[in-house]
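Colleague: Whatever this is, show me its structure:
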Amino acid sequence: MEHLKEKLDRMFHPKVVAVVGAKKDSEYRWLVSQALEEGKVYAVNIDESEWPGAEALGFTNVRSLLDIPEAVDYVIVSVPNTVTPVIMKDAITKGVGGLHIYAAGFSETGAPEGAALEDRLHRMATEAGIPILGPNCLGIYHPKVGLRQSPDQPLGEGGAIGYLSQSGTLGTAFSMYATASGLKISKSVSFGNGRVVDCPDLLEYLAQDEETRLIGLYVEGLRDGRRFFQALRATAREKPVLVWKVGQTQESARAAQSHTGHRSPPEVIWAAMLRQCGATPADGLGEMVDTMKALAYLPPLGSDRVALLAVSGGHASEMAEAFARAGFRVPAVSDASFTEISSYASLAGGSFHNPFEGPSLREEANLLRTLDVIERDPNLDFVVMEIGLGTTPRSQAMLEARMVSVKKARERFHKPLCLMFSVANPMALVDVNQHAREALAEGMVAFWGPTRAARALYNAHLYYQQRRALYGEVA
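Modeller: Numbering: from 1, shown residues only. This next block holds a predicted model:
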């Protein structure tokens with residue numbers, strides 16, 4: 001399709017949006033989700049019994065797209081799948097910018113009639129030169145302009161994170177999880193079956209998008225493997241791309257096929273493709289968000305030698321195990337560093353070899369001196385510092401004191417430094433995202449628990465390793 005970028009630009013920055021088929025029994029979801037900063041949203045419904053509810057919400061009702069008196073940039077189609085060709089015909093006559101088709105029941109069902117219906121939409125769209133997102137998807141989330149897939153998604157300031165998802169639910173979940181973690185979304189798209197506008201098209205679009213600096217992708221299978229490879233390789237050359245791939249077991253492949261109708265390549269082929277493209281795997285929603293934080297806010301992790309600062313001996317062992325399993329080295333400090341730390345901190349109940357822990361290191365002066373030693377130590381290249389979370393006033397006071405120390409440390413410490421929150425009391429789990437978000441606002445990356453921290457940081461390290469291998473550079 002010629003000039004697809006310009007057509008997608010029109011959809012992402014609409015002046016007029018039409019929602020077709022919004023109903024009271026779904027609480028007018030697609031209408032109330034849209035909150036354009038500039039522009040107008042029309043409710044299109046042939047059933048006039050639905051008009052009073054839409055009007056009460058402040059929307060203008062019309063029976064057809066053809067009744068809208070101005071150009072329409074983006075059409076959200078929420079009607080039964082068998083009705084979509086009728087809407088498509090009106091959209092072509094109207095000359096709309098593009099459509100998002102919410103309905104399922106197309107090729108993903110495996111039924112001939114569903115495939116035929118999808119073929120018909122594809123033929124109509126390509127002949128008219130009108131892009132379609134879907135079918136079987138949730139369309140566009142662009143918080144900066146007020147386009148949403150759900151009324152639960154936050155609005156307002158845009159960010160630098162782009163996201164593409166074959167799953168609508170996991171696309172909206174990512175947007176809310178990422179925002180709760182302190183990341184801001186530039187643009188996110190649920191593309192479902194991707195029959196007209198597919199994943200490679202959207203990758204190429206985000207590669208050129210000036211607002212987007214880092215891209216995440218949830219994919220179940222591929223329609224055109226060669227084209228996907230080319231688009232992924234070109235995009236990953238420009239920006240970090242994280243890929244969450246499902247369908248690599250027999251069971252998940254079967255589920256993916258019935259979800260979006262796409263087949264999944266064998267795991268070994270998939271892994272080789274990601275390496276050749278310079279894209280980074282991320283296994284799950286939490287790992288995707290954690291790795292994005294590491295890539296977006298930490299300096300390049302060119303080395304695998306980590307210093308670990310723990311709150312206790314047991315936690316020190318747990319951290320060392322997690323980071324070693326992930327692929328990092330946890331080397332002992334040099335003899336000179338050990339001797340220097342021992343000169344001001346007591347060995348009683350502690351360890352200064354790496355991991356570092358002990359009561360005397362909880363004192364701010366000793367902590368800062370130890371970080372100075374690590375800064376100079378030739379065996380260590382970056383630091384992960386554990387901070388305990390609790391629910392008592394004492395634990396809150398300890399947290400606040402440690403954060404003050406960390407902020408002071410950042411002013412004098414030049415190696416990459418990140419935080420790891422640990423939670424002994426499950427009731428404190430609700431505070432993890434809040435503290436991580438507050439840390440990020442201060443320019444500090446924080447993770448929850450050693451396993452998640454290690455996986456995310458190693459993913460970031462892998463990204464820089466791949467860039468060096470492919471292009472001889474790390475940024």
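Colleague: give me phi/psi at Ser351?
Modeller: Phi and psi for Ser351, reported as degrees, to the nearest 10, are phi -150, psi 130.
Colleague: and it, what does it touch?
Modeller: Gly313, Ala316, Glu357, Gly358 (C-beta atoms under 8 Å, 6 or more residues apart in numbering). Just so you know, the C-beta spots here come from the backbone N, C-alpha and C atoms, and that holds for glycine as well.
Colleague: one more time with 10 Å, if that's ok
Modeller: Ala310, Gly313, Ala316, Ser317, Phe338, Glu357, Gly358, Leu361 (C-beta atoms under 10 Å, 6 or more residues apart in numbering).
Colleague: Check Pro135 too.
Modeller: Contacts of Pro135 by C-beta under 10 Å, 6+ apart are 77, 81, 84, 99-108, 114, 117-118, 121-122, 191-196, 260.
Colleague: swap in Val197?
Modeller: 1, 4, 7-8, 11, 98-100, 125, 131-134, 137, 189, 191, 205.
Colleague: Give me the subset of those residues that lies in strands.
Modeller: Per DSSP state E, strands hold the following members of these: Leu99, His100, Ile132, Leu133, Val189.
Colleague: Number of residues surrounding the first one?
Modeller: In other words, Leu99. 30 (other C-beta atoms under 10 Å).
Colleague: Okay, and the beta partners of it?
Modeller: Val75, Ile132 (DSSP bridges).
Colleague: Start from the N-terminal end of the stretch 301-450 of the chain and give the helices.
Modeller: 313-326, 335-344, 364-376, 393-410, 432-441, 450-471 (DSSP state H, counting those that start in this stretch).
Colleague: Residues touching the second one, excluding its own?
Modeller: The one in question is helix 335-344. 307, 332-334, 347, 350-354, 356, 358, 360-361, 363, 365-366, 369-370, 372-374, 376-380.
Colleague: Check the fifth one too.
Modeller: Contacts to helix 432-441, defined as C-beta under 10 Å, 6+ apart, come from residues 177, 179-183, 289-290, 293, 296-297, 387, 389, 399, 403, 406-407, 418-419, 421-423, 428, 431, 444-449.
Colleague: Mind listing what's buried along it?
Modeller: Residues of helix 432-441 classed as buried by neighbour count (16 or more other C-beta atoms under 10 Å): Val432, Asn433, His435, Ala436, Ala439, Leu440.
Colleague: Only alpha carbons, please: show that helix as PDB.
Modeller: This file holds the C-alpha atoms of helix 432-441, laid out as PDB (Å, rounded to 0.1, in the frame of the first residue of the first chain):
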ATOM      1  CA  VAL A 432       6.800  -1.900  45.000                       C
ATOM      2  CA  ASN A 433       5.600  -0.100  41.900                       C
ATOM      3  CA  GLN A 434       5.100   3.100  43.800                       C
ATOM      4  CA  HIS A 435       8.700   3.100  45.100                       C
ATOM      5  CA  ALA A 436      10.100   1.900  41.700                       C
ATOM      6  CA  ARG A 437       8.200   4.700  40.000                       C
ATOM      7  CA  GLU A 438       9.500   7.300  42.500                       C
ATOM      8  CA  ALA A 439      13.000   6.000  42.000                       C
ATOM      9  CA  LEU A 440      12.600   6.300  38.200                       C
ATOM     10  CA  ALA A 441      11.400   9.900  38.600                       C
END
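Colleague: So which elements touch the host helix or strand of Leu117?
Modeller: Here Leu117, judged by DSSP states H and E, is contained in helix 112-128. If you count contacts as 3 or more C-beta pairs under 10 Å, 6 or more residues apart in numbering; DSSP states H and E, helix 112-128 packs onto helix 84-94, strand 99-101, strand 132-133.
Colleague: give me that answer again for 7 Å
Modeller: Other helices and strands packing on helix 112-128, by 3 or more C-beta pairs under 7 Å, 6 or more residues apart in numbering; DSSP states H and E, are helix 84-94.
Colleague: Show the subsequent helix or strand relative to the least confident helix or strand in the chain by mean pLDDT.
Modeller: The helix or strand of the chain with the poorest confidence is helix 250-260; it has a mean of 49 (mean pLDDT, DSSP states H and E). The helix or strand immediately downstream of helix 250-260 is helix 267-277, counting by DSSP H and E.
Colleague: List the strands paired with the helix or strand just after that next one, with their directions.
Modeller: Sequence order places strand 280-281 as the next helix or strand after helix 267-277, per DSSP H and E. Its sheet considered, strand 280-281 pairs with strand 241-245 (parallel) by DSSP bridges.
Colleague: hmm, who's touching the partner strand?
Modeller: 215-219, 232, 235, 270, 274, 279-284, 288, 291-292 (C-beta atoms under 7 Å, 6 or more residues apart in numbering).
Colleague: swap the cut-off to 8 Å and go again
Modeller: So strand 241-245 is in contact with 203, 214-220, 232, 235, 264, 270, 274, 277-285, 287-288, 291-292, 295, 459, going by C-beta under 8 Å, 6+ apart.
Colleague: With stretch 386-400 instead?
Modeller: By C-beta under 8 Å, 6+ apart, stretch 386-400 touches 308-311, 315, 319, 402-403, 406, 419-425, 427-428, 431-432, 435, 446, 450.
Colleague: List the buried residues for it?
Modeller: Under the neighbour-count criterion of 16+ other C-beta under 10 Å, stretch 386-400 has Glu386, Ile387, Gly388, Leu389, Gly390, Met398, Leu399 buried.
Colleague: Now the terminal residues of stretch 11-22, how far apart.
Modeller: Taking C-alpha to C-alpha, to the nearest Å, the first and last residues of stretch 11-22 lie 19 Å apart.
Colleague: Mind listing what's buried along it?
Modeller: Result for stretch 11-22 [16+ other C-beta under 10 Å]: buried residues Met11, Phe12, His13, Pro14, Lys15, Val16, Val17, Ala18, Val19, Val20, Gly21, Ala22.
Colleague: Give the rounded mean pLDDT of that stretch.
Modeller: For stretch 11-22, the mean pLDDT works out to 98.
Colleague: Run the chain-centre distance for it.
Modeller: For stretch 11-22, the separation from the chain centroid amounts to 24 Å (computed by C-alpha atoms, centre = their mean, to the nearest Å).
Colleague: now swap in stretch 106-118 and tell me
Modeller: That offset, for stretch 106-118, works out to 30 Å (C-alpha atoms, centre = their mean).
Colleague: Grab the CA positions of that stretch and hand them over as CSV.
Modeller: Output of stretch 106-118 as CSV, limited to C-alpha atoms (Å, rounded to 0.1, in the frame of the first residue of the first chain):
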residue,chain,number,x,y,z
PHE,A,106,-12.4,-14.4,10.8
SER,A,107,-9.5,-16.5,9.6
GLU,A,108,-8.4,-17.2,13.2
THR,A,109,-11.3,-19.6,13.6
GLY,A,110,-10.1,-21.9,10.8
ALA,A,111,-13.6,-21.9,9.4
PRO,A,112,-13.9,-21.3,5.6
GLU,A,113,-16.6,-18.7,6.0
GLY,A,114,-14.4,-16.7,8.5
ALA,A,115,-11.4,-16.8,6.1
ALA,A,116,-13.6,-15.8,3.2
LEU,A,117,-15.0,-12.8,5.1
GLU,A,118,-11.4,-11.7,6.0
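Colleague: Thank you kindly, that will do.
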